[in-house]
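Novice: Below: sequence and its predicted model.
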Amino acid sequence: MNETRKKHTVIKIILPVLVIVAAVLGLKMLSQLKPTPQRHEAPEQGLLVDVASLTPETHQVTVFATGTVSPQQQINLTPQVSGKVKWISQRLVAGGTFWKGDLLLRIESRDYELAIEQARAEVAQAKVALATEKEQARIAQAEWDAVQFPGKGEPGPLVTHELQLQQQEAVLAAAQAALHKAELNLQRTEIRAPFNGRIREEQVDIGQYLNTGSTIAVFAGTDAAEIQVPLPVADLRWLTIPRTSDEKGSSVTIKAPQFTTASWQGEITRSLGEIDPTSRMATLIVRVKNPYQLNMENPGPALVQGLFVELELAGSALEDVMIIPRSALHTGDVIWLADTNNRLIIRPVEILRREKDQLIIGHVVNTDERLILTSISGAADGALLRPVPAGETSK
């Protein structure tokens, strides 16, 4: 019995071992029968980049600037005669507008009317005195002619009353000048608008006594406005700046941040002709006609004094140039291009002008080359690329 049990125990131990060994040998034989797979290297696809085609074109240079609006004409209104204010226009207040020749105020005129009457009387007296002197001169000449004696000669100027006539003619001229001045002073009791304009400030009222030369209001013209535009000296070469009144300057579009849909048109009229020693900037003057849009059928916002504005000055045209975004320019003034074999080319460029969001360069890109818009770390000539037209990578 004991021997039988020992045999059964040995079988239970050895049999599982034999099964495991047989399974391992079988797997090894199967693996040797299976063909070994060949290793294939994946093809290099290149760097994925956005590209854009460039074509030569004619580009209109636009110079961007800012400035503040001021009136082209502005004066202090002052009376030329003194007196008490008798009448004032209802529009003689800050913001009131007037056309050239409109009556602003009237000074009491009675004293000046009396002065005219007195001057007229003096003219009449001078005319009578002159006529009397002429008659006396005629009589004196006749008496001289009637006297007959040897060697009497020619009569002197006192005898013929020639000097007396000259004196009375001078008196008459002085009286007529005094009359003209009195009439002029009467006209000056009415103060009228010297040109189309608006009242900026006023300091006068009914009954106030005005002295000659005292300021009663600040009057600004409305026919045109001016904008002083500071610019870097380098920008002047793109613009037409008149040197004489016959020349026409570059056109200008004016916009105000407060009025998103409104714009005004102007032109460069002159340069101040000097460079600011602090900012190293030149200053141009831009003129805008009818800034308040008066007498217009559908007036828009007024280009009022003191308004801060943005200007676009139309410069000269650059022919056969290319336009690239600022982000496409890299250190050393170079751009990256993809050639026909999708290989990277690093090419230096000449920057003709830097604008707000773009750069103007010379014609340096061939028709079969494309501008790379994607930033590449460690870009090197000849690197393989996978170019995709800009905008398609996001589709």
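Specialist: Okay, I see it. Just so we're clear, the structure is a prediction, and the values are computed from it rather than from any experiment.
Novice: residue ranges for the helices of the stretch 101-250 of the chain, please.
Specialist: 110-146, 162-187 (DSSP state H, counting those that start in this stretch).
Novice: got those as JSON lines, with mean pLDDT, distance to Val93 and mean neighbour count columns?
Specialist: Just so you know, the C-beta spots here come from the backbone N, C-alpha and C atoms, and that holds for glycine as well. Listed next are the helices of the stretch 101-250 of the chain as JSON lines, based on pLDDT from 0 to 100; distance: least, Cβ to Cβ, whole Å; neighbours: other Cβ atoms under 10 Å:
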{"stretch": "helix 110-146", "mean pLDDT": "85", "distance to Val93": "27", "mean neighbour count": "14"}
{"stretch": "helix 162-187", "mean pLDDT": "90", "distance to Val93": "25", "mean neighbour count": "16"}
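Novice: Which among those is found nearest to Thr340?
Specialist: Across the helices of the stretch 101-250 of the chain, Thr340 has its closest neighbour in helix 162-187 (85.6 Å, Cβ to Cβ).
Novice: what's the closest one packed up against?
Specialist: helix 110-146 (3 or more Cβ pairs under 8 Å, 6 or more residues apart in numbering; DSSP states H and E).
Novice: could you point out where this protein is predicted with low confidence?
Specialist: 1-13, 15-19, 21-44, 140-161, 392-395 (pLDDT under 70).
Novice: re earlier: okay, the helices of the stretch 101-250 of the chain in a markdown table with distance to Tyr292 next?
Specialist: A markdown table is the format used below for the helices of the stretch 101-250 of the chain (distance: least, Cβ to Cβ, whole Å):
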| stretch | distance to Tyr292 |
| --- | --- |
| helix 110-146 | 35 |
| helix 162-187 | 29 |
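Novice: can you tell me which residues contact the residue lying closest to Asn211 once chain neighbours are set aside?
Specialist: Counting by Cβ to Cβ, 6 or more residues apart in numbering, Asn211 lies nearest to Ser82, which is 5.1 Å off, once chain neighbours are set aside. Going by Cβ atoms under 8 Å, 6 or more residues apart in numbering, Ser82 touches Ile107, Tyr209, Leu210, Asn211, Thr212.
Novice: from those, which single one is nearest Ile116?
Specialist: Ile107 (14.9 Å).
Novice: what's across from the closest one in the sheet?
Specialist: Val85 (DSSP bridges).
Novice: what number of residues lie near it?
Specialist: 24 (other Cβ atoms under 10 Å).
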